[in-house]
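>>> Here's a sequence, model it:
(chains A and B)
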Amino acid sequence: SQQGEEDPQALSIQEGENATMNCSYKTSINNLQWYRQNSGRGLVHLILIRSNEREKHSGRLRVTLDTSKKSSSLLITASRAADTASYFCATAFGGSNYKLTFGKGTLLTVNP
Amino acid sequence: DGGITQSPKYLFRKEGQNVTLSCEQNLNHDAMYWYRQDPGQGLRLIYYSQIVNDFQKGDIAEGYSVSREKKESFPLTVTSAQKNPTAFYLCASSQPRTAGNEQFFGPGTRLTVL
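Numbers count the residues shown, from 1 in each chain, chains lettered A, B, ... in the order given. Here you go, the predicted structure:
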């Protein structure tokens, strides 16, 4: 089964609100990454957090990592209609720094 | 422009035919990857290559083949042995570092079996 699982599967909010997505995983990780995918397009890397980090910021994005609970959250503040996309977490684990395992994603819809 | 390109954007195949999907990158990355994405699903790794002339099977390699003769190119062949090939195929590249392995994705090829 897939390493990461996002929650919720779908999220609909109004422009200006904050959006929070969660990711749970099963085994110890080297790092966890978040990607965005607009409909029918490739993925775009958003942020990477290493296993020894607890929180990271990038613009309107805030990622937290709790290795004791094997979970991560992605917060998008002051959302915009252009943030509408699917968001995936991906984990790198084990001895390989090459392979990433992706979750099924959260579909975020930001209504204008 | 630096980036990763895939062609064609849409591809139609008759049952029993092999088809090859193209992936090219000019980012000078050592590693390249092929993923398959089905509707409402995450990405599943088909094959990956850490360096030229070397590649490894991913989680769902059956019915697929790859080659890595040049650093810039990593074509994927979907063979007639792949029983359910209709899907969205994504190619990615990266330059793995100790700090992490951020992957850069192409725009994808949507393959439909008629």
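
>>> Not including adjacent chain positions, what is the nearest residue to the closest residue to chain B within chain A?
Residue nearest to chain B within chain A (CB to the nearest CB): residue A:42, separated by 3.5 Å. Bear in mind the C-beta positions are built from the backbone N, C-alpha and C, glycine included. Nearest residue to residue A:42, sequence neighbours excluded (CB to CB, 6 or more residues apart in numbering or on different chains): residue B:105, at 3.5 Å.

>>> now the strands: where do they sit in chain B?
Applying DSSP state E to chain B gives strands spanning B:4-7, B:10-13, B:19-25, B:31-37, B:43-51, B:54-57, B:64-66, B:76-78, B:87-94, B:104-105, B:109-113.

>>> what about the residue nearest to residue A:42, neighbour count?
Residue B:105: 23 surrounding residues under other CB atoms under 10 Å in any protein chain shown.

>>> So it sits against residue A:43, correct?
Yes. Counting by CB atoms under 8 Å, residue A:43 is a contact partner of residue B:105 at 4.5 Å.

>>> quick one: common contacting residues for the two?
A:35, B:90, B:92 (CB atoms under 8 Å, 6 or more residues apart in numbering or on different chains).

>>> Who does the second one form a beta bridge with?
Same thing as residue B:90. residue B:35 (DSSP bridges).

>>> In contact with it, which residues are there?
Counting by CB under 8 Å, 6+ apart, residue B:90 has contacts A:42, A:43, B:6, B:34, B:35, B:36, B:37, B:43, B:105, B:106, B:108.

>>> Same check on residue A:93?
Counting by CB under 8 Å, 6+ apart, residue A:93 has contacts A:3, A:25, A:27, A:28, A:29, A:30, A:101.

>>> for residue A:22, same thing?
Here residue A:22 is in contact with A:6, A:7, A:8, A:71, A:72, A:73, A:74 (criterion: CB under 8 Å, 6+ apart).

>>> cool, residue B:28 as well?
B:71, B:95.

>>> quick revisit: for the buried ones among the contacts of residue A:22, write the corresponding ChimeraX selection.
Buried subset of those, written as a ChimeraX selection, criterion 16 or more other CB atoms under 10 Å in any protein chain shown:
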select /A:6,71,72,73,74
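
>>> Now render the contacts of residue A:22 as TSV, adding secondary structure.
As requested, the contacts of residue A:22 are exported to TSV (DSSP: H, G, I helix; E, B strand; the rest coil):
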residue	secondary structure
A:6	strand
A:7	strand
A:8	coil
A:71	strand
A:72	strand
A:73	strand
A:74	strand
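
>>> among the contacts of residue A:22, which are in reach of chain B?
Among the contacts of residue A:22, not one lies near chain B by CB under 8 Å from any CB of the partner chain.
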